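*Asks:* I would like the atomic coordinates for the input below:
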Amino acid sequence: MGECNDILTELESWYRTPLGQSLYRGLQDQLEPLLETTFGYHLVQVGCSREQPLFCSSRIRHQLYIAEAPGARIGLQARADELPLESDSVDVLIAHHSLEFTEDPHAVLRELHRVLTPQGHLLLVGFNPWSLLALNHTLRAAAGNPLWRARRAVSRGRLLDWLRLLGCEAQGSEFLLPLPVASGEGRLARLARRGNRWSEAHQLPFGSLYLVHAIKQVAGRVRPLRVARTRPALMGIKVGKPAPTPTPRGGNVAACTPIQARGDAVAAATKSRDSAA
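*Replies:* Next comes the predicted model:
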């Protein structure tokens, strides 16, 4: 837990720098239209930072900020791979660098998938390992920086593969700020902003951050096919249907039976013979 607190402190300090603030504002701008169109009862943000709430533009009333260390904005202290939440209970889940500063990113992603409701929205934010900012982080890690040495890069392509295996359907992804320069009014800053807008418009995969939007899909139950049952034939011989019983015209059932008709004919012949005698 002490090492986690150190990582939290380092990441929060980095986000307080001019470059970190620029990335944070750009991330908020990208999340705003997504959060305005997602609805539900519960929204949760999980991540390795306690000072970067990303859900301010959401219309969902119940919002919970989870981190591994206590803080002024933190509503629940917990590990990302052991969330004390019920399964299928969160409608919108924001994961802010949750997969990059953990020993088992697969376990964290499975836990996020577990607490998400069917058709719930999962928003994942991470550092793009194929960016100029990632190159800077790699050089700092080689120089002994504890924050970037602890980071385990997860590319967008790998993340999309993991989501597909979990049954999540990717709705889209964005790359943010490929030219990591702090905000300002100098010539370099203006050129960088122009280059960032052009790169984001063409979705070049060199942004400093990536944002992936996925929806949890739950497969429906498949109704089993019913096999028609046939009555087996007796020794291969088809059994014929019984002959229909004739229907009487006058309503006298006895008059139409063969035995009764034969008896009436015999009685009439005997009576005629006796009369002739």
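*Asks:* just for this structure, where's the confidence low?
*Replies:* Where the chain drops to pLDDT under 70, the residues are 1-4, 179-204, 219-277.
*Asks:* would you map the strands across it?
*Replies:* 42-47, 62-67, 76-77, 90-96, 116-127, 168-176, 209-216 (DSSP state E).
*Asks:* so what's the residue count around residue 19?
*Replies:* When neighbours are counted by other Cβ atoms under 10 Å, residue 19 registers 17. (Glycine included, C-beta is placed from N, CA and C.)
*Asks:* count the neighbours of residue 88 for me.
*Replies:* The burial count for residue 88: 14, using other Cβ under 10 Å.
*Asks:* closest one to residue 35 among the strands of the chain?
*Replies:* strand 90-96 (7.3 Å; Cβ to Cβ).
*Asks:* for that closest one, packing partners?
*Replies:* When contacts are defined as 3 or more Cβ pairs under 8 Å, 6 or more residues apart in numbering; DSSP states H and E, strand 90-96 sits against strand 42-47, helix 105-115, strand 116-127.
*Asks:* list the neighbouring strands of it plus their orientation.
*Replies:* In the sheet, strand 90-96 lines up against strand 42-47 (parallel), strand 116-127 (parallel) (DSSP bridges).
*Asks:* out of the strands of the chain, nearest to residue 56?
*Replies:* strand 62-67 (8.8 Å).
*Asks:* return the list of helices and strands in contact with the closest one.
*Replies:* When contacts are defined as 3+ Cβ pairs under 8 Å, 6+ apart, strand 62-67 sits against strand 42-47, strand 76-77.
*Asks:* let me have the ones you listed in TSV, adding mean neighbour count and distance to residue 146 as columns.
*Replies:* Output for the helices and strands packed on strand 62-67, formatted as TSV (neighbours: other Cβ atoms under 10 Å; distance: least, Cβ to Cβ, whole Å):
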stretch	mean neighbour count	distance to residue 146
strand 42-47	24	18
strand 76-77	14	22
